[in-house]
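K.L.:
Here is my input, please return the structure:
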Amino acid sequence: MNKKQRKRREKESHHHAQDTAPDSILGEQKGADINQAKQSDNSANAANRKHNPSWVARFENFATRHSSTVVAIFTIILAVIGGIQACIYTKQLDVIRKDQRPWIKVDTAAQDSMESIIQNNGINVVMTFRNLGKTPAQNVMGRMFAEKVKNGKQAKLDESGDAFMKSASGAIFPNDPDTSPTKILSFTPTELEQFRGGHLFVVFYGTFEYYDFFRTKHWTRFCQFHAPPQGATAKNCSDYNDIDTN
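P.N.:
Sure, this is the predicted structure:
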């Protein structure tokens, strides 16, 4: 390569460098502008988050500044939830207890026909009580009263006077009926004639009290009437029948 050719090549290289220099400078300037724009956006986003924080950030800030209040609120919520669960458990236990409790049913049977009543001047009465529940009834105490009522009137059912029949038992087991001794309800000659003519009827009523396995007290009220074929005004006797819901 001669001297003239070297000079030409150096000249071309110098022109090429001058042509590419503006592009490089322009590219660097664009990169700087982009970086500056990103920094501006990040600063703006940070400022926006600072002025408009999310609900999570607001909650964290509140919890940090009011930790005692937050703990108290959560304690109250847990207490309420615990109370609700306790109520549900108590109701479930009450349902189970009622399903398993004893239920005493009382029947009074007048065993005589009209001919026997006339012959004996009275009615032979037997009281039978049954436990229809699933567990034994304990400390069973019962009293039955007898009341003679004029037909057309209602029985008083006030348990006045001495009990016609009493019963007591330490325990009555399910499906194991117990029967009292037979007792005669006597009639005077006038009462017997009134009974035969349908002007008089008799109600047997009373209350049985007993306890279940949990020592909860229960009771059964009963009333049944015995009347001649003419019928009787005994609505309040039917309404007297009732049981507890303990």
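
K.L.:
ok, residue 199 to residue 98 distance?
P.N.:
Per Cβ to Cβ, to the nearest Å, residue 199 is found 44 Å from residue 98. The C-beta positions use only the backbone N, C-alpha and C, and glycine is treated the same way.

K.L.:
what do you get for residue 194?
P.N.:
Counting by Cβ to Cβ, the separation of residue 194 from residue 98 is 45 Å.

K.L.:
between those two, which one's more packed in?
P.N.:
Higher neighbour count among residue 194 and residue 98: residue 194, with 18 against 14, using other Cβ atoms under 10 Å.

K.L.:
residues in contact with the nearest residue to that one once chain neighbours are set aside?
P.N.:
Spatial nearest neighbour of residue 194, excluding adjacent residues (Cβ to Cβ, 6 or more residues apart in numbering): residue 200 at 3.8 Å. The contact partners of residue 200, taken as Cβ atoms under 8 Å, 6 or more residues apart in numbering, are 148-151, 191, 194.

K.L.:
Could you look up the SS state of the residue most central in space within the chain?
P.N.:
The chain has residue 91 as the residue nearest its centroid, 3.8 Å off, counting by Cα atoms, centre = their mean. With DSSP: H, G, I helix; E, B strand; the rest coil as the basis, residue 91 sits in helix.

K.L.:
So what are the structural domains in this structure, by residue number?
P.N.:
Domain segmentation of the chain under automatic domain parsing yields 3-52, 104-243.

K.L.:
just checking, residue 128 touches residue 104?
P.N.:
No: applying Cβ atoms under 8 Å as the test, residue 128 and residue 104 come out as separate, 11.0 Å apart.

K.L.:
Neighbour count: these two, which is higher?
P.N.:
Ranked by neighbour count (other Cβ under 10 Å), residue 128 and residue 104 place residue 104 first, with 21 against 13.

K.L.:
Buried residues of the helix or strand residue 184 falls within, list them for me.
P.N.:
Assessed by DSSP states H and E, residue 184 sits inside strand 183-186. Neighbour-count burial for strand 183-186, with 16 or more other Cβ atoms under 10 Å as criterion, is recorded at 183, 185.

K.L.:
gap between that strand and the chain center?
P.N.:
47 Å (Cα atoms, centre = their mean, to the nearest Å).

K.L.:
Ok, stretch 169-178 next?
P.N.:
Computed by Cα atoms, centre = their mean, the chain-centroid distance of stretch 169-178 equals 30 Å.

K.L.:
Over to stretch 147-155?
P.N.:
42 Å.

K.L.:
May I see the buried residues of it?
P.N.:
147, 149, 151, 155.

K.L.:
Then stretch 168-178?
P.N.:
Applying a neighbour-count criterion of 16+ other Cβ under 10 Å, one finds 169, 172 buried in stretch 168-178.

K.L.:
ok, residues contacting that stretch?
P.N.:
Residues outside stretch 168-178 that contact it (Cβ under 8 Å, 6+ apart) are 102, 104, 128-142, 167, 210.

K.L.:
Would you list the buried entries among these?
P.N.:
102, 104, 129-131, 133, 135-137, 140, 142, 167, 210.

K.L.:
What strands flank the biggest strand by length in the chain, and is each parallel or antiparallel?
P.N.:
Ranked by number of residues, the top strand in the chain under DSSP state E is strand 137-150. The pairing partners recorded for strand 137-150 under DSSP bridges are strand 165-172 (antiparallel), strand 200-211 (antiparallel).
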